[in-house]
Structures are given as structure tokens and as C-alpha cells.
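> build me a model from this:
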Amino acid sequence: MKKHRCGWCIGDPLYEKYHDEEWGVPVKDDETLFEFLMLETFQAGLSWITVLRKRENFRIAFDNFDFNTISNYSEEKLENLIQDTGIIRNKLKIKATVTNAQAFIKIREEFGSFSKYIWNFTNGNPIINELTHYKQAPANTPLSDQISKDLKKRGFKFVGTTVIYAHMQATGMVNDHEVGCFRYKEVLIGK
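You can find the predicted model right below:
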């Protein structure tokens, strides 16, 4: 029997794999949270599948998404990244990645982990929505507005409210799987 998936991922094997294995699963480790935040900032103005197709290139180019290493990138490294055809070569986003890694580290120093900081906005629990169609999902919410504003105040770049809501969906801070999707209940029970 064919599994019902959220409509946004159907038809592309990479998208379906991402949907089935990662999207909406609560993420609590800082390394993965940084990876998603970094990729979401590169997605701004583009489609997620564009970023997903370049994810492994990003992993190689950005030292396995190591925020400590990225926070210390030299101008020479930034120039090399701008020339890297395997990633999205947006100079402002590349520079913002360094700024964001530095701000990410400051949050870790203040709160003990980025995870504690970000999950505090939802009291440590995912927000459970009941969408019957993926197009019912909002582009942003008052909570994503609040998080975006706070991150910007802390020095982050390319973290507008829509980027932050997409980050919340990807990292399971909100369960926006369609209620008819096989992953909706699996994510609820922690599979």
C-alpha cells in the first residue's frame, strides 16, 4: 500500500527522502540546528529543493557545517567560497554565514546551548498543527516573528520571519505534516 505524504514533496526522490526521514523531526543538537539554520538562510528567495540538491556540496565547502571553524573563516576562504560552483554563490549570504556562526557561539555561551535558547520559545515542546493540506501552512507566525526579531537583535543575518518559520518546520519545532501524512503521527510519537 502506498504511503500518503505531504503534497509538497511528491515526485522528487530526494524531496521524498528528506520529508520521510528529516522534515519535522524535533532536532535538539546544536550541530544539526546550525546546519539547518545555515541552509535555510541560503534558501531565502529560492526553493528548498535547490538547497537540498546542493546540501552535500555545502557540507564539503563549509567544513561539515562546523560553526566553530566557520566563525573563523578568513577573507581568502570567503573568496574561495564565492568561486565554488557547487554551492549558492551569494556573497552576502556567504559572509552572513560567518556572522551567524559567531552569533550562534555567543548564544551557546549565554544559554549553554543553542538548542536551549531556540526551544525555550516553545517551552521545549513542538507546536502541533492539524493541516489537511500543506498549502494551509503559514509562511510565518507571531512566534516566528518574535524569534526572527530576537535573532536579528543578537546579530544574525538572513533570518527573516519566513526563514525562521521554515527552520521551525524543518527542525520539528512545529509539526506541519498534513494530518493524513504517514509522518504526522510518527513525528508525534518520536519516530
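
> any idea which helix or strand in the protein has the lowest mean pLDDT?
helix 182-188 (a mean of 92; mean pLDDT, DSSP states H and E).

> helices or strands next to that one in the packing?
strand 174-175 (3 or more Cβ pairs under 8 Å, 6 or more residues apart in numbering; DSSP states H and E). Every residue, glycine included, has its C-beta placed from N, CA and C.

> in its sheet, what does the strand it packs on sit against?
Taking DSSP bridges as the criterion, strand 174-175 sits next to strand 127-128 (parallel) in its sheet.

> which outside residues touch the partner strand?
Residues from elsewhere that reach strand 127-128 (Cβ atoms under 8 Å, 6 or more residues apart in numbering): 143, 168, 173-175, 188.

> ok, 6 Å please
For strand 127-128, the external contacting residues (Cβ atoms under 6 Å, 6 or more residues apart in numbering) are 174-175.

> what's the mean pLDDT across the next helix or strand along the chain from it?
Counting by DSSP states H and E, the next helix or strand C-terminal to strand 127-128 is helix 142-153. Here helix 142-153 scores 98 as its mean pLDDT.

> show me how far the helix or strand just after helix 142-153 is from its chain's centre.
With elements assigned by DSSP H and E, the helix or strand that comes after helix 142-153 is helix 161-170. The chain centre lies 7 Å from the centre of helix 161-170; the measure is Cα atoms, centre = their mean, to the nearest Å.

> what helix or strand is the residue most central in space within the chain on?
Central residue of the chain (Cα atoms, centre = their mean): residue 36, 3.1 Å from the mean position. Under the criterion of DSSP H and E, residue 36 resides in helix 30-43.

> just the angle for that helix relative to helix 161-170, thanks.
140 degrees (axes from the mean of the first three to the mean of the last three Cα atoms, to 10 degrees).

> list the buried residues for helix 30-43?
Neighbour-count burial for helix 30-43 flags 30, 32-43 (criterion: 16 or more other Cβ atoms under 10 Å).

> ok, the spatially closest residue to residue 30 that is not a sequence neighbour - contacts?
Of all residues not flanking residue 30 in the chain, residue 114 sits nearest, at 4.7 Å (Cβ to Cβ, 6 or more residues apart in numbering). Neighbour list for residue 114: 30, 33, 104, 107-108 [criterion: Cβ under 6 Å, 6+ apart].

> ok, residue 114 to residue 76 distance?
Residue 114 is 28 Å from residue 76, where distance means Cβ to Cβ, to the nearest Å.

> do residue 170 as well
With Cβ to Cβ as the criterion, residue 170 and residue 76 are 32 Å apart.

> between the two, tell me which one has more neighbours.
residue 170 (25 against 8; other Cβ atoms under 10 Å).

> how about that one, what does it touch?
Per Cβ under 6 Å, 6+ apart, neighbours of residue 170: 23, 36.

> tell me which helix or strand residue 23 sits in.
Going by DSSP H and E, residue 23 is not part of any helix or strand.
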